[in-house]
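>>> pasting the structure only:
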C-alpha cells in the first residue's frame, strides 16, 4: 500500500519523529508486554465532536443557573467555584435531608448532572444521550479512531478531558481483546497499572455517557483545582513522573495550558534530560499559518522548557501521522525506502575512556540503544591497552571481532527508529599496544586482527551511522578513571603518567573523527553538567542533519600513513 499525499508530507517533514514514534508503538520494555508509546490528550482532541472546552462549558452552566459572573476574565476554575457555590446554596435549601454528608453527596451528584447535560448537549435526544449519534460522530472524527486503533495495544493513555470519547472509540475498534478487557478508566493514581488492558487515566476526573462509571469528583472548581495542584507534590506527581519516564509520549489536543501537565513535564525534563516526547501544535491551516521564524521560536521554547519535539499539524495531518505510527515496522520501512528516505538513524557515541559517553547514552533510553559490549566485557579491558599481556591482547581482539558483529546484528534488527551505539569500530585505533606506538601502526594492527573482514566487504556489512564525539578535559578523564576503580599506571596518584596516556588517547580520538568535529557533531561530557551534554546530543540527533560517517575512507587514510 502506497502512502497518501498527506502521509508523504508528514513523513518528509518529520521523518525522525515518525521513525521514533513507530519504534515506540511497536517495541516493548525489556521483559514486559507494555508498548513504549503513550498518548496525552487535551480538549482539542474532542473539539470536532462538539464537546465544549472548559470556557464554553462554564458559559453554558452559567446561563442555566442564571448566575452572572462578576469577572469573566478570571481563571476558569475560579469561575467554576463561584457557580458551584451559588448552585450548592440553592440546592441545600431545598433538600429535606438531615445527614450532612448525604446532603453534600446529593448536591455533588446534581452538579455533575448539570455538567453532563452541557458536556454532551450536542448528543441529547429526548433529554437522553443518543449513543448511536455519539458513535457516528466518533467514526467521522478526523483522527480519534486512529488514536483508538493504536491505543488499544498500549497500556496507558492520559486524558485531561471530562468526556469518555476515547473509551467509546476503543470499544468500537476491532481487537482480539475481549469487550470487558479493552480498557480500565481511573481518576486517582493507582500504584500499578492493570496488565493486558488499556489504562485510561483522567487526572481531572470524568463524566461518561450512559452505561459507563464516572469519577466521584471532577476538577472543575477552584477548590478541586487547588487540591489537585497540591497533590502534584506527592501521589499525583509520583504517578505522572514515573510514567513520563518510561514511555515516549505523543501529546495531542493540548495548548500546554494545564498547570499540572506543565509542572510534570518541567520536572521530568530536569530529571530525564535525554528523554524526548512529542507535542502536536495544532494549526487548522497547516504549518504555513506560521512563519519559519515563529515555528522555530515555538519549537525551541517547547524543547528548552519541556524536552518536547514540536510537530505543526492540522487534523488531516494528525491522522496521517497516526497511520504512519500504526504501520508495522517492516511495512513502514519499505514505504520510507520507496520514498527515497532513510528508515533508521544510527548514531555512534565515541570518546576517550571516562569521557562520559556511556553516562550520556544511559540517559537516552527512549530510543534504541546498543551497549559497548553486547556480551561480558573482557576483564583485561579495565587495564590500559599498553599494560595488557600478549595473551590478553589476543583474547580482546577475538572478542572485539565478535562484539562488532553482534552489535551490528542488533542494530540491523531495528527496522525503523533511532539507534544510539556505544563506540564505533575505529575507536580502537586510539588503544595502542605500546606507549609510543604511532596511531597509523595501531590502525594497521586493528585492521589485520579485527577490521579486515569489514574492509574486504567494503563495509557493506557494517550499519552506517553518524559519529558523535564526547570530549572531556584530561584532568577530568583522570578523576573519572580513579573514581571508577581504575588506578593510575603507577602507585603515585599524583604522577602524570596516566594523565598523559589519557590526554594522548583523546588526541588520537579527535584525530580519527576530525571530519565530524568540523561538522559540529560533538559535545563535552563531564566538563559541563550531564544535562547539558545530554541536551547537546539530543539536539544533534533530533534537530541536526544526518551525516553517516565513512568508516572505510577514514581507516584507509590511517593505513596510508602506516609504514610498509
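In hand now; what should we look at? Just so it is clear, the structure is predicted and the values come from calculations on it, not from any experiment.
>>> can you pull out the strands in the protein?
If DSSP state E is used as the criterion, the strands of the chain fall at 37-41, 124-125, 128-129, 156-159, 183-186, 198-201, 248-252, 277-282, 308-313, 344-351, 368-370, 417-422, 466-471, 522-524.
>>> got TSV for those strands, with mean pLDDT too?
Output for the strands of the chain, formatted as TSV (pLDDT from 0 to 100):
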stretch	mean pLDDT
strand 37-41	96
strand 124-125	88
strand 128-129	84
strand 156-159	94
strand 183-186	91
strand 198-201	94
strand 248-252	97
strand 277-282	97
strand 308-313	97
strand 344-351	96
strand 368-370	93
strand 417-422	96
strand 466-471	96
strand 522-524	90
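>>> okay, the ones you listed in a markdown table with mean neighbour count and distance to residue 93 next?
(C-beta placed from N, C-alpha, C; glycine too.) As requested, those are exported to a markdown table (neighbours: other CB atoms under 10 Å; distance: least, CB to CB, whole Å):
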| stretch | mean neighbour count | distance to residue 93 |
| --- | --- | --- |
| strand 37-41 | 25 | 39 |
| strand 124-125 | 12 | 28 |
| strand 128-129 | 15 | 29 |
| strand 156-159 | 24 | 36 |
| strand 183-186 | 18 | 34 |
| strand 198-201 | 23 | 37 |
| strand 248-252 | 25 | 44 |
| strand 277-282 | 22 | 44 |
| strand 308-313 | 22 | 49 |
| strand 344-351 | 25 | 66 |
| strand 368-370 | 20 | 63 |
| strand 417-422 | 22 | 62 |
| strand 466-471 | 24 | 69 |
| strand 522-524 | 21 | 67 |
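>>> I'd like to know which of these is closest to residue 544.
Of all these, strand 466-471 sits nearest to residue 544, with 8.5 Å by CB to CB.
>>> what's that closest one in contact with?
345-351, 355-357, 360, 424, 506, 509-510, 513, 516-517, 521-525, 527, 533, 537, 540-541, 546-549 (CB atoms under 8 Å, 6 or more residues apart in numbering).
>>> Kindly calculate the angle that that strand makes with strand 344-351.
Angle of strand 466-471 versus strand 344-351, following axes from the mean of the first three to the mean of the last three CA atoms, to 10 degrees, is 20 degrees.
>>> which neighbours does strand 466-471 have in its sheet, and in what orientation?
strand 344-351 (parallel), strand 522-524 (parallel) (DSSP bridges).
>>> Could you export these as a markdown table, including distance to residue 477?
What follows is these, written out as a markdown table (distance: least, CB to CB, whole Å):
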| stretch | distance to residue 477 |
| --- | --- |
| strand 344-351 | 9 |
| strand 522-524 | 12 |
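>>> Could you report the neighbour count for the spatially closest residue to residue 125 that is not a sequence neighbour?
Distances taken as CB to CB, 6 or more residues apart in numbering put residue 133 closest to residue 125, at 7.1 Å, once the chain neighbours are dropped. Neighbour count for residue 133, taken as other CB atoms under 10 Å: 13.
>>> now residue 133: how far from residue 286?
30 Å (CB to CB, to the nearest Å).
>>> Equivalent analysis for residue 498, please.
Counting by CB to CB, the separation of residue 498 from residue 286 is 58 Å.
>>> For the two, work out which one has more neighbours and name it.
Legend: neighbour count by other CB under 10 Å for residue 498 and residue 286, higher for residue 498 (21 against 13).
>>> pull the helix or strand with minimum mean pLDDT from the chain.
When each helix and strand of the chain is scored by mean pLDDT, DSSP states H and E, helix 222-231 comes last, with a mean of 51.
>>> in the biggest helix by length in the chain, what counts as buried?
Among the segments of the chain that qualify as a helix by DSSP state H, the longest is helix 390-412. By neighbour count on 16 or more other CB atoms under 10 Å, the buried set for helix 390-412 is 392-393, 395-397, 399-401, 403-404, 407-408, 410-411.
>>> And stretch 360-374, by the same measure?
So, applying 16+ other CB under 10 Å, buried residues of stretch 360-374: 360-361, 363-374.
>>> okay, those residues in a markdown table with distance to residue 52 next?
A markdown table is the format used below for these (distance: CB to CB, whole Å):
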| residue | distance to residue 52 |
| --- | --- |
| 360 | 46 |
| 361 | 46 |
| 363 | 41 |
| 364 | 41 |
| 365 | 39 |
| 366 | 35 |
| 367 | 39 |
| 368 | 42 |
| 369 | 44 |
| 370 | 49 |
| 371 | 51 |
| 372 | 54 |
| 373 | 57 |
| 374 | 54 |
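>>> quick one: which of those is nearest residue 481?
The closest of the buried residues of stretch 360-374, once distances to residue 481 are taken by CB to CB, is residue 372, at 16.2 Å.
>>> Who are the contact partners of that closest one?
358, 403, 422, 423 are the contacts of residue 372 under CB under 8 Å, 6+ apart.
>>> distance between stretch 144-164 and the chain's centre?
From the chain centre to the centre of stretch 144-164 is a distance of 17 Å (CA atoms, centre = their mean, to the nearest Å).
>>> got the end-to-end distance for that stretch?
12 Å (CA to CA, to the nearest Å).
>>> buried set for that stretch?
So stretch 144-164, judged by 16+ other CB under 10 Å, has buried residues 144-164.
>>> same check, this time on stretch 117-137
117, 118, 119, 120, 123, 129, 130, 134, 135, 137.
>>> Who are the contact partners of residue 301?
If you count contacts by CB under 8 Å, 6+ apart, residue 301 has none.
>>> If you tally nearby residues, what's the number for the spatially closest residue to residue 530 that is not a sequence neighbour?
Once flanking residues are discounted, residue 530 sits nearest to residue 359: 6.2 Å by CB to CB, 6+ apart. For residue 359, the neighbour count with other CB under 10 Å is 16.
>>> these two touch, right, residue 359 and residue 537?
No. In this structure, residue 359 is not within contact of residue 537 by CB atoms under 8 Å, at 11.1 Å.
>>> Quick check: which of the strands paired with strand 466-471 is nearest to residue 459?
Evaluated over these, closeness to residue 459 peaks at strand 344-351, with 13.1 Å, by CB to CB.
>>> how distant is the closest one from the center of its chain?
18 Å.
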